[in-house]
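**Q** sequence unknown, structure follows:
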């Protein structure tokens with residue numbers, strides 16, 4: 001008997017960078033390539049920005065650039081021409097593959113308009129409905145026009161979390177309910193646990209000799225870390241030896257430095273151990289530094305799921321995470337508590353951390369101040385064993401979630417090939 005023929009999967013995204021969605025995309029590509037023939041299509045070689053999260057990372061898969069002439073000029077007419085080139089190229093590629101999976105809004109739009117609905121899976125990775133920094137008209141364009149069209153033209157819609165499926169229903173309507181197929185996670189669970197014990201960078205280790213709260217992620221609007229600066233300043237007055245470590249980079253970097261200085265917090269970007277706040281920039285495998293901190297902060301106002309929160313849980317450090325849409329409820333409760341829009345009494349201690357109110361109002365800031373002070377002033381908590389931490393994040397592992405993706409793609413391929 002001949003072995004079953006490997007299906008051909010086309011994966012589409014904007015760029016191969018180091019952000020959460022891009023990393024999940026790469027891990028999915030690596031997993032699927034064990035069982036299927038995988039091609040990656042990128043919108044352009046350098047699409048979407050210039051900071052570290054948009055730099056190209058390496059991949060061993062076949063890569064096709066949809067618009068190799070992306071630098072041909074600006075202006076509306078050039079943008080239209082660019083999208084037409086990408087759409088034409090993608091349509092040709094889709095015809096040669098059994099299934100096409102796209103990540104993020106721009107690639108999803110291309111995937112949907114390239115036709116062949118039976119081959120089309122779009123994956124939503126981050127909330128637009130609750131996003132705080134999208135220009136109003138652009139947000140309306142996506143939520144009222146573009147996203148509903150994308151959802152109608154897709155065969156399956158894969159949100160990054162179960163809760164995010166509720167947003168898709170709000171935007172696309174209840175008629176899309178049968179298409180929604182949430183898949184939570186796509187991490188390398190064992191790799192994270194191993195990385196959590198790796199050697200730290202010396203400058204971060206020296207800085208974290210005092211009780212330290214750590215944030216890891218983009219310094220961007222909606223991540224909430226800028227909103228916590230006044231709260232941490234109050235904690236620092238209660239515990240003058242407390243420190244704040246910010247791992248990552250982004251457009252709010254200078255604003256955060258300015259806000260720290262306004263609140264009397266000394267800042268270092270070079271690791272001065274006498275400073276109060278250290279903007280450490282991008283660090284490879286940031287989880288290896290968390291165990292030297294007392295507390296992991298996840299103050300986002302909106303998310304798709306929250307990969308850095310999963311890393312915080314994997315590190316074994318006590319976690320404070322905002323109850324934002326979407327993800328933290330599910331992550332910290334081990335899937336037992338999903339977002340329903342119901343009001344909770346916050347802070348709420350869950351099995352894997354403390355669920356906090358959003359830090360975007362006075363009451364929320366007061367509760368963040370109180371919880372941070374309690375954890376930074378009190379004795380350090382003992383980290384759970386590696387096996388306990390692995391069990392806490394196992395359901396997000398790519399070896400489990402990848403199989404769900406593969407089964408979905410295989411079922412669609414069989415249906416397409418029967419026609």
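**A** Structure's in. What do you need? The structure presented is a predicted model; accordingly, all values stated were derived computationally and were not measured.
**Q** what stretches of the stretch 251-400 of the chain score poorly on pLDDT?
**A** Flagging of the stretch 251-400 of the chain using pLDDT under 70 yields the residue ranges 341-342.
**Q** ok, now which ones touch residue 99?
**A** Shown in contact with residue 99 (Cβ atoms under 8 Å, 6 or more residues apart in numbering): 7, 8, 9, 10, 119, 121, 409, 412, 413, 416. Heads up, the C-betas are built off the backbone N, CA and C, glycines and all.
**Q** which of those residues ranks first by neighbour count?
**A** residue 9 (28 neighbours; other Cβ atoms under 10 Å).
**Q** for the stretch 101-250 of the chain, which segments count as helices?
**A** If you assign secondary structure with DSSP state H, counting those that start in this stretch, the helices in the stretch 101-250 of the chain sit at 105-113, 136-140, 147-153, 164-172, 189-195, 202-207, 229-238.
**Q** give me whichever of those helices is most buried.
**A** Neighbour counts (mean count of other Cβ atoms under 10 Å) averaged over each of the helices of the stretch 101-250 of the chain peak at helix 105-113, with a mean of 22.
**Q** what mean pLDDT does that helix get?
**A** Predicted confidence along helix 105-113 averages 97 (mean pLDDT).
**Q** just give me how far that helix sits from the chain centre.
**A** Shown here is helix 105-113, whose average C-alpha point lies 19 Å from the average C-alpha point of the whole chain (Cα atoms, centre = their mean, to the nearest Å).
**Q** what packs against that helix?
**A** Contact here means 3 or more Cβ pairs under 8 Å, 6 or more residues apart in numbering; DSSP states H and E; on that basis helix 105-113 packs against strand 8-13, helix 76-95, strand 99-103, strand 120-124, helix 147-153.
**Q** in the longest one, which residues are buried?
**A** Spelled out, it's helix 76-95. Burial within helix 76-95, assessed by neighbour count using 16 or more other Cβ atoms under 10 Å, is assigned to 82, 83, 85, 86, 87, 89, 90, 93, 94.
**Q** how many degrees apart are that helix and strand 8-13 in direction?
**A** On the basis of axes from the mean of the first three to the mean of the last three Cα atoms, to 10 degrees, helix 76-95 is oriented at 160 degrees to strand 8-13.
**Q** touching helix 76-95 from outside, list them.
**A** For helix 76-95, the external contacting residues (Cβ under 8 Å, 6+ apart) are 10, 12, 39, 41, 43, 64, 66-67, 69-70, 72, 100, 110-111, 113-116, 119.
**Q** the first one too?
**A** When contacts are defined by Cβ under 8 Å, 6+ apart, strand 8-13 is touched by residues 21-22, 25, 28-29, 32, 36-43, 66, 90, 93-94, 96-104, 107, 110-111, 409.
**Q** for stretch 404-413, same thing?
**A** For stretch 404-413, contacts defined as Cβ under 8 Å, 6+ apart pick out 7, 9, 28, 31-32, 35-36, 98-99, 101, 118-119, 121, 155-156, 158, 181, 183.
**Q** do the same with stretch 336-345
**A** In contact with stretch 336-345 (Cβ under 8 Å, 6+ apart) are residues 162, 163, 166, 323, 325, 326, 329, 330, 350, 355.
**Q** same thing but at 10 Å, please
**A** Outside of stretch 336-345, the residues that reach it under the criterion Cβ atoms under 10 Å, 6 or more residues apart in numbering are 161-167, 323-331, 348, 350-351, 355, 357.
**Q** just checking, which of the residues you listed belong to strands?
**A** 348, 350, 355 (DSSP state E).
**Q** return the set of residues that bridge with the first one.
**A** Counting by DSSP bridges, residue 348 is bridged to residue 355.
**Q** of the contacts of residue 99, closest to residue 363?
**A** Residue 363 lies nearest to residue 121 out of the contacts of residue 99, by Cβ to Cβ, at 41.0 Å.
**Q** just how off-centre is stretch 411-419 within its chain?
**A** Taking the mean C-alpha point of stretch 411-419 and that of its whole chain, the gap between them comes to 31 Å (Cα atoms, centre = their mean).
**Q** sorry, slip of the keys, the one I care about is stretch 313-322.
**A** Taking the mean C-alpha point of stretch 313-322 and that of its whole chain, the gap between them comes to 16 Å (Cα atoms, centre = their mean).
**Q** first-to-last residue distance for it?
**A** Separation of the first and last residues of stretch 313-322 by Cα to Cα, to the nearest Å is 14 Å.
**Q** and what of stretch 202-211?
**A** Separation of the first and last residues of stretch 202-211 by Cα to Cα is 17 Å.
**Q** what about it, average pLDDT?
**A** Computed over stretch 202-211, the mean pLDDT rounds to 97.
**Q** how far does that stretch sit from its chain's centre?
**A** Centroid separation for stretch 202-211 versus its chain: 27 Å, with Cα atoms, centre = their mean.
**Q** mind showing which ranges of the stretch 51-200 of the chain have poor pLDDT?
**A** 51-58, 69-74.
**Q** again, only this time at 90
**A** 51-60, 67-82, 132-133 (pLDDT under 90).
**Q** returning to what we had before: nearest to residue 381, of the helices and strands packed on helix 105-113?
**A** The closest approach between residue 381 and any of those, judged by Cβ to Cβ, belongs to strand 120-124 at 35.4 Å.
**Q** now the angle from the closest one to helix 164-172?
**A** For strand 120-124 against helix 164-172, the angle between stretch directions is 110 degrees (the same axes, to 10 degrees).
**Q** paired strands for strand 120-124, with orientation please.
**A** Sheet pairing here is set by DSSP bridges, and for strand 120-124 it gives strand 99-103 (parallel), strand 156-159 (parallel).
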